[in-house]
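Student: sequence below, structure please.
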Amino acid sequence: MQLLSLFMTKFLFVMAALLPIMNPPGLVPIFISMTARNTPQQRRFLARRIALYCALLLVGSMYVGGYVLSFFGVSLPVVQMSGGLLITFAAWRMLNDTPAESSQTSAEPTRADNSAELKQRAFYPLTFPLTVGPGSISVAITIGATLTGSGKGIVRYAVAPLAGSAAVLASSVLVYLCYAHADKLLRYLGPTGSIVFLRLSAFILLCLGVQIMWDGFGELASQWLHENAALLH
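Tutor: Take a look at the predicted model:
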């Protein structure tokens, strides 16, 4: 009973840390915008792939991400700046699409009409950096360090990893449910509403990318000032 209580505590801890930063319902408009040229069947295929890639990327970040960054000498602020730049670039392309391109119907030829190309798009940019971005990866790495450093014996090596993995799986299922039913929102909006909605979503995504880059820059600047404080006095 005590182990079950610990499992639920750690499960809820990971869910509470990941879901606000991932925000799957809030990403639905952006997902629609970036898949406006795909059919409903292709969107559901993408939703399944994105959920799978999210689970793999988050679990990997949680348990080996810190070691990988240390091996290559890469800091989390640099990851934030790079990911923010990718998001900004994707949003800028969305903003500069012509209305005819953005409102292309699903009956017309799509840009990604084969399984291999869809799988590629499912990872970049739809999984990374859109769904699992620099913020989510940073949180996952921090969570992994917290889980592996908590408790001893079976709690440290079994309960904590299982709880973390279960929380990631639950988050990925929520991502799938939100993305797989995105078409319903598109039908409610209609053609004109869809164009307005997609443009606003692209602008919000652009702002998020700039904000992530700014946060990374702020962390780097803070580290530099701390390390060179003696030289500035």
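
Student: following element in sequence after the helix or strand of the chain with the lowest mean pLDDT, please.
Tutor: Across the helices and strands of the chain, mean confidence by mean pLDDT, DSSP states H and E is lowest for helix 99-102: a mean of 49. Using DSSP states H and E, the helix or strand that follows helix 99-102 in sequence is helix 115-121.

Student: pass me the low-pLDDT residue ranges in the protein, would you?
Tutor: Counting by pLDDT under 70, the ranges of the chain that qualify are 98-113, 149-151, 230, 232-233.

Student: okay, helices next: where are they in the protein?
Tutor: Applying DSSP state H to the chain gives helices spanning 2-22, 24-34, 40-60, 66-72, 76-95, 99-102, 115-121, 134-148, 153-154, 160-180, 182-227.

Student: with respect to T127, which of these lies nearest?
Tutor: Nearest to T127 among the helices of the chain is helix 40-60; the distance by Cβ to Cβ comes to 4.0 Å. (Glycine included, C-beta is placed from N, CA and C.)

Student: any chance of the helices of the chain in JSON lines, plus distance to F128 and mean neighbour count?
Tutor: Formatted as JSON lines, the helices of the chain follow (distance: least, Cβ to Cβ, whole Å; neighbours: other Cβ atoms under 10 Å):
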{"stretch": "helix 2-22", "distance to F128": "12", "mean neighbour count": "16"}
{"stretch": "helix 24-34", "distance to F128": "13", "mean neighbour count": "20"}
{"stretch": "helix 40-60", "distance to F128": "6", "mean neighbour count": "20"}
{"stretch": "helix 66-72", "distance to F128": "14", "mean neighbour count": "12"}
{"stretch": "helix 76-95", "distance to F128": "8", "mean neighbour count": "19"}
{"stretch": "helix 99-102", "distance to F128": "23", "mean neighbour count": "12"}
{"stretch": "helix 115-121", "distance to F128": "11", "mean neighbour count": "14"}
{"stretch": "helix 134-148", "distance to F128": "8", "mean neighbour count": "21"}
{"stretch": "helix 153-154", "distance to F128": "33", "mean neighbour count": "10"}
{"stretch": "helix 160-180", "distance to F128": "13", "mean neighbour count": "20"}
{"stretch": "helix 182-227", "distance to F128": "13", "mean neighbour count": "16"}
